[in-house]
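1. From the sequence below, what's the structure:
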Amino acid sequence: MHHFSSLAFLGLVMALGSVQSTPVMAQAPVLVADGVIALPDTNGRIDHMAVDLRHNHLFVAELGNGTMDVLDLSAHAVIHRVTGLKEPQGIVYEPHSDLVAVASGGDGALHLYAASDLAPRGMVALGDDADNVRLDTRNGHIVVGFGDGALAVVDPVRKVVLGQIKLPGHPESFRLAGSNVFINVPDARQIVLADLDALKILEVWKQEALHSNFPLMLDDRGHVAVVFRAPARLVLFDSASGKQVETAETCGDSDDLFFDGKRERFYVSCGQGVVDVFATDGLARLARVSTRSGGRTSLFVPELDRLFVAERAGIFGAPAQIAVLKPQ
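-> Numbering: from 1, shown residues only. Predicted structure coming up:
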């Protein structure tokens, strides 16, 4: 046994005290919990969401349940459920016609509903695996990815397909910028730039080392942001040249990516059970926020300044819900 002199002991105490009293700069959280919205009687995978700011509603495509829930964002509660859908995947709200459009993978159709009372307003048959949908704000048309490789441009009022863009594989996430549309085609390991008006492909960005590119987003600095699942990377591409600008490791099993222009951030939601937050400048990761395992899909609504994350029912009986996160 070693014996310390009283002088040595005093020195040790003073040293420890100096360490403990060193101020630690606490980092402010970048996303904080702002409640949850329960999704009663909802099982299986939850896919994408859309917001209707006119009625303050959130629409949730419950793929495994064959349903679409309508949530009142003021009451934080489900107020209506549309049943009988076959694998609902993508949803979009069109404000001029006040219509909600739901793409169903099981029957390959785009189903239309009146947003005010969810009364059916017909459907547009497309083909197999109707998936992601986007609104062309220039004209109220709805763009739908489907089948073995195509985007369809749909007039939701007349309920007709106006044209198609043929693709080298099934399209996953895509984003519109005027007449341009940037499209992830993971099976072909490509990012495709096409012209919606001319209905033709303009450029193909072939990816070699990275694959499984599912989420895609545009920022306000001329970048196309893409998340690859294998390996898990967030990559910024120059929208004019297609060249990689920045890359960063991110969470696993990602399915949605959003840009927060107010704070210059990206939000990546992953089935791993986290949301990764990145600064757009240099892609420095600002935070990793825990959610529930399987919470792959999300929706950031700048007008509400909220990120909604769909958390499927847990294996130990935890009910399905939408986690509401507030940026700081």
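2. Which phi and psi values does the residue positioned nearest the centre of the chain adopt?
-> Geometric centre of the chain, nearest residue: Asp256, 2.6 Å, by Cα atoms, centre = their mean. Asp256 has phi and psi values of phi -140, psi 150 when expressed as degrees, to the nearest 10.
3. same question, Asp281
-> Dihedral angles (degrees, to the nearest 10) for Asp281: phi -80, psi 100.
4. Neighbours of it, how many?
-> 10 (other Cβ atoms under 10 Å). Placement of C-beta: from N, CA and C, glycine included.
5. Am I right that it is in contact with Glu264?
-> Yes - using Cβ atoms under 8 Å, Asp281 is in contact with Glu264, at 6.7 Å.
6. which non-adjacent residue is nearest Ala56?
-> Careful, residue 56 is Asn; it's not Ala. Leu73 (4.9 Å; Cβ to Cβ, 6 or more residues apart in numbering).
7. separation between that neighbour and His55?
-> 9 Å (Cβ to Cβ, to the nearest Å).
8. Those two - which one has more neighbours?
-> Leu73 (20 against 15).
9. Could you check how far the more buried one is from Val157?
-> 26 Å.
10. coming back round to it: thought the residue nearest to Asn56 was touching Leu304?
-> Yes - assessed by Cβ under 8 Å, Leu73 is found in contact with Leu304 at 7.2 Å.
11. returning to that earlier point: pull up the overlap in contacts between Asp281 and Glu264.
-> Common neighbours of Asp281 and Glu264, using Cβ atoms under 8 Å, 6 or more residues apart in numbering, do not exist here.
12. Give the intersection of the neighbour lists for Leu73 and Leu304.
-> Shared contacts of Leu73 and Leu304, defined by Cβ under 8 Å, 6+ apart, are found at Val51.
13. got a list of what the closest residue to Phe266 other than its chain neighbours touches?
-> In this structure, Phe266 finds its nearest non-sequential neighbour in Phe278, 4.5 Å apart by Cβ to Cβ, 6+ apart. For Phe278, the contacting residues are 234, 248, 250, 265-266, 268, 284-286, by Cβ under 8 Å, 6+ apart.
14. nearest to Arg292, of the residues you listed?
-> Val268 (15.7 Å; Cβ to Cβ).
15. Tell me the strands beside the strand or helix carrying Phe228, with direction?
-> In this assignment (DSSP states H and E), Phe228 forms part of strand 223-230. Strand pairing for strand 223-230, using DSSP bridges, gives strand 211-218 (antiparallel), strand 232-238 (antiparallel).
16. Just the buried residues of that strand, please?
-> Within strand 223-230, the residues scored as buried using 16 or more other Cβ atoms under 10 Å are 223-229.
17. Could you chop the chain up by domain?
-> 28-43+211-328, 46-206 (automatic domain parsing).
18. what mean pLDDT would you report for the last one?
-> Which is domain 46-206. Per-residue pLDDT over domain 46-206 has a mean of 98.
19. quick check, distance from it to the centre of its chain.
-> How far domain 46-206 lies from its chain's middle: 13 Å, per Cα atoms, centre = their mean, to the nearest Å.
20. now the end-to-end length of that domain.
-> One end of domain 46-206 to the other measures 30 Å (Cα to Cα, to the nearest Å).
21. which residues of the chain fall in helices?
-> Secondary structure of the chain by DSSP state H: the helices cover 6-20.
22. sorry, back to before: ok, of the contacts of Phe278, which come out buried?
-> For those, buried by 16+ other Cβ under 10 Å: 234, 248, 250, 265-266, 268, 285-286.
23. got a list of what Ser104 touches?
-> Contacts of Ser104 by Cβ under 8 Å, 6+ apart are 85-89, 110-111, 130.
24. Which of these are buried? Put it as a ChimeraX command.
-> Those of the contacts of Ser104 that count as buried under 16+ other Cβ under 10 Å are selected in ChimeraX with:
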select :85,87,88,89,110,111,130
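25. would you turn the contacts of Ser104 into TSV with distance to Lys200?
-> Output for the contacts of Ser104, formatted as TSV (distance: Cβ to Cβ, whole Å):
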residue	distance to Lys200
Leu85	32
Lys86	31
Glu87	30
Pro88	30
Gln89	26
Leu110	22
His111	28
Ala130	22
